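Asks: The sequence isn't on hand, but the structure is:
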């Protein structure tokens, strides 16, 4: 009778462990999905960064060309000079806005990476510590 009780107790514990393992596997899959999504977003941000860098280069070249043209023309009326000056200032503002956007995207990417590492760490450690022996040997050799 005592053996039957011990066997039943063991079966209940095994069932609980199996359920816990299943939940941890599900959580790990969700985290891996999130990690894949973050990797995809990082790739998209890298592509966007490359586009912004190219745009910044194009803007620099256009601005240099405009300065040369203004120097060549030189004999503009006051109104024409004012219009040209406004156009140059607008172009500079656009360039600075593009640079600011690039900086914001870099910060967002860094923050996303930081959060992803935290999520993965918080999910993996409990899964690894399901077996206390494995947990101790992994984190405290």
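Replies: Nice, thanks for sending it over. Keep in mind that what you see is a predicted model, and the values were worked out from it rather than measured.
Asks: Going by C-alpha atoms from here, please, whenever you check contacts or count neighbours.
Replies: Fine.
Asks: what does the average pLDDT come to for the host helix or strand of residue 46?
Replies: Element membership for residue 46, per DSSP states H and E: helix 2-73. When pLDDT is averaged along helix 2-73, the result is 91.
Asks: Tell me how many other residues surround residue 103.
Replies: Look at residue 103: counted by other Cα atoms under 10 Å, it has 13 neighbours.
Asks: ugh, typo on my part, it should be residue 58
Replies: 13.
Asks: quick one: contacts for it?
Replies: Not one residue lies near residue 58 by Cα atoms under 8 Å, 6 or more residues apart in numbering.
Asks: Look up how far residue 51 lies from it.
Replies: Going from residue 58 to residue 51 by Cα to Cα, to the nearest Å gives 10 Å.
Asks: thinking again about what came up before, packing partners for the helix or strand just after the helix holding residue 46?
Replies: Of the helices and strands lying after helix 2-73 in sequence (DSSP H and E), the nearest is helix 78-128. Secondary-structure packing of helix 78-128 (3 or more Cα pairs under 8 Å, 6 or more residues apart in numbering; DSSP states H and E): helix 2-73, helix 132-139.
Asks: out of those helices, deepest packed?
Replies: Burial of the helices and strands packed on helix 78-128 is given as mean neighbour count (mean count of other Cα atoms under 10 Å); helix 2-73 ranks first at a mean of 13.
Asks: Contacts only, for the nearest residue to residue 120 once chain neighbours are set aside.
Replies: Nearest residue to residue 120 in three dimensions, chain neighbours excluded: residue 31, at 6.3 Å (Cα to Cα, 6 or more residues apart in numbering). For residue 31, the contacting residues are 119-120, 123, by Cα under 8 Å, 6+ apart.
Asks: Could you dump the helices and strands packed on helix 78-128 into CSV with distance to residue 104 added?
Replies: Formatted as CSV, those follow (distance: least, Cα to Cα, whole Å):
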stretch, distance to residue 104
helix 2-73, 11
helix 132-139, 36
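Asks: Nearest to residue 111, out of these?
Replies: Nearest to residue 111, of all the helices and strands packed on helix 78-128, is helix 2-73, at 11.0 Å by Cα to Cα.
Asks: centre of the chain versus the helix holding residue 46, how much separation?
Replies: Taking Cα atoms, centre = their mean, to the nearest Å, one finds helix 2-73 lying 6 Å from the centre of the chain it belongs to.
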